[in-house]
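>>> sequence and computational prediction follow.
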Amino acid sequence: MNRLVRLAILTLTISSIASGMASATTYYIAANGSDSNSGTSNTSPWLHAPGMTNCSGTCSSVSPQAGDQFIFRGGDTWHFGAGSPLIGGGWNWQWSGSNGSAIYIGVDKTWYSGSSWARPVMTGDNPTSTSFVSGCTHDYSNASQLVNLNASWITFDNFEMTGICWSSQVSDNGMLAQPGGSATNSIVSNFYCHGWTMTSGASDNFPCILTLGGGAANDYNQYVGDIFDGSDAPHFAANSSSCQWSGNSSSGCASGQGIYGRAWDVHQCIFRYLSNFMVTVNTHTVHDNVLEYLYPTFASGSIQQHPNVLNNIAGETGDPLYFYNNIMRNTYSTEDIYFAVRTSIYFFNNVMYNNMNSTVGSIPGGCIRFNSVSNSAGTQSAYIYNNTMGDATCQLKFEVANSPLTPWNGTGYFQNNHFIGFSSLGGVHVCATGGTCNIIDNGSEVFQTTSVASGQGYTASNDYAPTAATNATVGAGANLSSSCSTSSVDSELCSGTSDAVSEPSGSGGKIASFPAIAMVPRPASGAWSAGAYEFSGSQASPNPPTGLQASVQ
């Protein structure tokens with residue numbers, strides 16, 4: 001090859017690499033900005049972001065590239081109904097990043113208005129209310145979502161969304177849309193969804209995050225550190241006349257839903273005061289979440305008439321399924337969790353108590369339900385290790401067909417669990433399936449009456465953690481180290497680590513800090529403790545999660 005040609009190619013290649021390396025840009029958006037600014041410094045921010053209807057000038061001329069960052073000033077509010085800055089309709093984000101070079105849409109906590117950092121807010125401009133409203137100042141009944149993330153390899157971080165109201169809602173709307181299966185490999189983190197309202201005649205099909213869509217089952221989207229809190233949205237006490245359909249008067253009712261559609265990985269999230277936490281088709285991993293105060297919907301005939309902590313309805317997920325390090329409590333539902341299992345599920349280190357365990361006809365109910373799916377491997381396995389069930393209100397049910405789910409056909413393996421209010425494993429599980437239902441107890445279970453457990457300090461006030469080295473669960477379990485080498489997720493059964501569940505900083509104390517299950521590493525040799533907690537005599541007893549508090553600012 002001619003030397004000059006080789007030099008030209010080399011120069012072009014170096015130039016292309018340098019151009020690619022230099023292409024990532026950070027842009028700034030603030031409520032006092034202007035779309036005619038450069039947007040490339042926090043002293044010259046835009047007023048809007050690309051994809052917002054009212055984005056103009058320099059803002060509208062930018063086409064986001066992989067690796068770009070779009071930084072919103074903390075403490076500012078963008079409006080969808082009325083006010084300034086006005087987004088002017090929906091915010092439709094359609095630019096993807098790439099593997100190793102995601103686009104970041106979020107914050108820099110050193111840049112904020114006011115006296116301290118707080119999340120930027122996206123609002124529909126309706127006031128919050130814990131009761132029905134007579135009408136919506138801005139009605140989103142037939143509107144699309146406030147934000148549509150129709151792209152892959154993006155991180156959407158630290159936004160607060162509130163102020164949606166609807167009077168009829170003939171189709172699913174909500175606040176944030178992310179087409180599952182086609183928008184892939186993305187993260188929604190530290191998202192705070194709250195403050196929706198509706199009229200008494202409205203339906204209840206509202207999700208904070210709507211992820212319906214086709215495409216790849218394994219979309220690898222993650223939801224991390226998010227808060228879905230309906231405590232400042234309409235919810236009603238038991239026997240309230242506002243609970244419109246029969247069957248829910250004993251527990252009250254609520255409104256709204258966390259995630260509807262797809263959710264591959266959900267961790268470090270808080271779900272509370274909702275009529276559905278998650279209804280998904282491809283969930284793979286759920287860990288280190290707080291799941292509490294689930295109620296039936298207020299509305300008759302809504303798709304949310306059957307509330308769920310998690311309903312993994314279609315079993316599109318990869319294998320195995322994981323559900324671990326979660327606290328599930330105070331859920332009032334006939335269908336708490338449905339697992340659609342292809343081959344296997346690992347269910348460990350969970351704390352569960354005061355969860356409804358309804359009976360359907362002559363079949364005992366189960367707040368944890370295991371099903372097969374039509375595309376299963378033929379037989380399934382459930383590995384149920386080191387869980388704490390704080391009272392006898394929740395059973396594990398190996399379930400009959402419930403379209404599109406098919407009957408469980410396989411084996412449930414139990415070991416190292418702490419069961420309070422049960423006298424034997426026979427009371428813990430229910431074999432309702434028409435398929436095979438083998439139950440194998442590998443031993444080291446701890447059964448206690450409520451009075452005995454309470455006398456040792458296992459109570460709801462500390463989420464049934466052991467309080468002393470002499471407690472019944474301490475050192476009572478078998479060593480399961482050999483079960484921890486299958487994958488990095490399996491290894492968490494042994495590591496004793498857990499991710500803190502807490503309110504991200506800057507949200508004004510709306511949600512109190514909420515540490516996850518406290519554990520110490522499980523020994524490679526020697527006895528483990530039973531239940532979801534361990535206790536080390538050389539350290540203080542685990543700190544229990546504090547009560548959540550929510551308030552409207």
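Thanks, I have the structure now.
>>> quickly note the distance from Trp196 to Ala254.
From Trp196 across to Ala254, the span is 11 Å (C-beta to C-beta, to the nearest Å). Every C-beta, even on glycine, is put in place using the N, C-alpha and C of the backbone.
>>> overlap of the contact sets of these two?
230, 233 (C-beta atoms under 8 Å, 6 or more residues apart in numbering).
>>> settle it for me: which of these two has more neighbours?
Neighbour totals were compared for Trp196 and Ala254, and Ala254 leads with 29 against 26 (other C-beta atoms under 10 Å).
>>> return the distance of the more buried one relative to Pro296.
Applying C-beta to C-beta to Ala254 and Pro296 gives a distance of 8 Å.
>>> can you check which residues contact both of these two?
Common neighbours of Ala254 and Pro296 (C-beta under 8 Å, 6+ apart) are Ser275.
>>> what's the local residue count around the residue lying closest to Gly435 once chain neighbours are set aside?
Nearest non-adjacent residue to Gly435, counting by C-beta to C-beta, 6 or more residues apart in numbering: Asn409, 3.3 Å away. Other residues near Asn409 come to 20 when the count uses other C-beta under 10 Å.
>>> tell me the pLDDT of Asn409.
Looking at Asn409, its pLDDT is 91.
>>> for it, list the residues it contacts.
372, 376, 378-380, 433, 435-436 are the contacts of Asn409 under C-beta under 8 Å, 6+ apart.
>>> Thr199 now?
Contacts of Thr199 (C-beta under 8 Å, 6+ apart): 132-136, 166-167.
>>> out of those residues, which is most surrounded?
In the contacts of Thr199, the most neighbours by other C-beta under 10 Å go to Trp166, 26 neighbours.
>>> so what does the nearest residue to it once chain neighbours are set aside look like in phi/psi?
In space, and not counting its chain neighbours, Trp166 is closest to Ser141: 4.4 Å by C-beta to C-beta, 6+ apart. Here is the backbone geometry of Ser141 (degrees, to the nearest 10): phi -60, psi -40.
>>> what is the neighbour count of Ser141?
Applying other C-beta under 10 Å, I find that Ser141 has 17 neighbouring residues.
>>> contacting residues for it?
Here Ser141 is in contact with 166-170, 173, 202 (C-beta under 8 Å, 6+ apart).
>>> ditto for Ala527
475-479.
>>> Pro85 versus the nearest residue in space to Ser44 that is not next to it in sequence, what's the distance?
Counting by C-beta to C-beta, 6+ apart, Ser44 lies nearest to Asn37, which is 4.2 Å off, once chain neighbours are set aside. In this view, Asn37 and Pro85 are 13 Å apart by C-beta to C-beta.
>>> and if you look at Thr283?
Thr283 is 36 Å from Pro85, by C-beta to C-beta.
>>> which one of those two is surrounded by more residues?
Counted by other C-beta under 10 Å, Thr283 and Pro85 do not tie: Thr283 has more neighbours, with 27 against 20.
>>> list the contacts of the residue nearest to that one when sequence neighbours are not counted.
Once flanking residues are discounted, Thr283 sits nearest to Asn312: 4.7 Å by C-beta to C-beta, 6+ apart. The contact partners of Asn312, by C-beta under 8 Å, 6+ apart, come to 280-283, 321, 338-340.
>>> now do 10 Å
Contact partners of Asn312, counting by C-beta atoms under 10 Å, 6 or more residues apart in numbering, are 263, 278-284, 286, 321, 323, 337-341, 345, 371, 373, 405.
>>> please name the bridge partners of it.
Note on Asn312: beta-bridge partners by DSSP bridges are Thr280.
>>> cool, and Phe323?
The partner residues for Phe323, given DSSP bridges, come to Val286, Phe347.
>>> ok, it touching Asn349?
Yes: Phe323 lies in contact with Asn349 (C-beta atoms under 10 Å); the separation is 9.5 Å.
>>> identify the contacts common to the two.
287, 387.
>>> from the contacts of Ser141, list the buried ones, please.
With burial judged by 16 or more other C-beta atoms under 10 Å, the buried subset of the contacts of Ser141 is 166-167, 169, 173, 202.
>>> so which residues of the stretch 301-450 of the chain form helices?
425-428, 450-455 (DSSP state H, counting those that start in this stretch).
>>> output the contacting helices and strands for the last one.
Think helix 450-455. strand 418-420, strand 446-448 (3 or more C-beta pairs under 10 Å, 6 or more residues apart in numbering; DSSP states H and E).
>>> can I get these in CSV including mean pLDDT, mean neighbour count and distance to Met356?
Putting the helices and strands packed on helix 450-455 into CSV (pLDDT from 0 to 100; neighbours: other C-beta atoms under 10 Å; distance: least, C-beta to C-beta, whole Å) gives the following:
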stretch, mean pLDDT, mean neighbour count, distance to Met356
strand 418-420, 96, 25, 17
strand 446-448, 97, 19, 22
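>>> possible to save the ones you listed as JSON lines with distance to Gln456?
Shown next, in JSON lines, are the helices and strands packed on helix 450-455 (distance: least, C-beta to C-beta, whole Å):
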{"stretch": "strand 418-420", "distance to Gln456": "10"}
{"stretch": "strand 446-448", "distance to Gln456": "8"}
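>>> between the buried ones among the contacts of Ser141, which is nearest Gln268?
Asn173 (26.3 Å; C-beta to C-beta).
>>> is it true that the closest one touches Val147?
No: counting by C-beta under 10 Å, Asn173 stays clear of Val147, with 11.8 Å between them.
>>> buried sites along stretch 61-68?
62, 64-68.
>>> give me the contacts around it.
With C-beta under 10 Å, 6+ apart, stretch 61-68 has contacts from 20-21, 23-27, 35, 39-40, 46, 49-51, 55, 70, 93-105, 151, 153-154.
>>> for stretch 290-302, which positions count as buried?
Neighbour count says stretch 290-302 has 290-299, 302 buried, by 16+ other C-beta under 10 Å.
>>> circling back to that earlier point, so which of the contacts of stretch 61-68 sit within strands?
Judged by DSSP state E, those include 26-27, 70, 93, 103-105, 154 as members of strands.
>>> quick one, which of those residues are buried?
27, 70, 93, 103-105, 154.
>>> can you list those residues in a markdown table and add distance to Ser451 and pLDDT?
Below are these laid out as a markdown table (distance: C-beta to C-beta, whole Å; pLDDT from 0 to 100):
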| residue | distance to Ser451 | pLDDT |
| --- | --- | --- |
| Tyr27 | 62 | 98 |
| Phe70 | 57 | 98 |
| Trp93 | 56 | 97 |
| Ile103 | 56 | 97 |
| Tyr104 | 53 | 97 |
| Ile105 | 53 | 97 |
| Ile154 | 53 | 96 |
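>>> since that was my last question, I'll sign off now.
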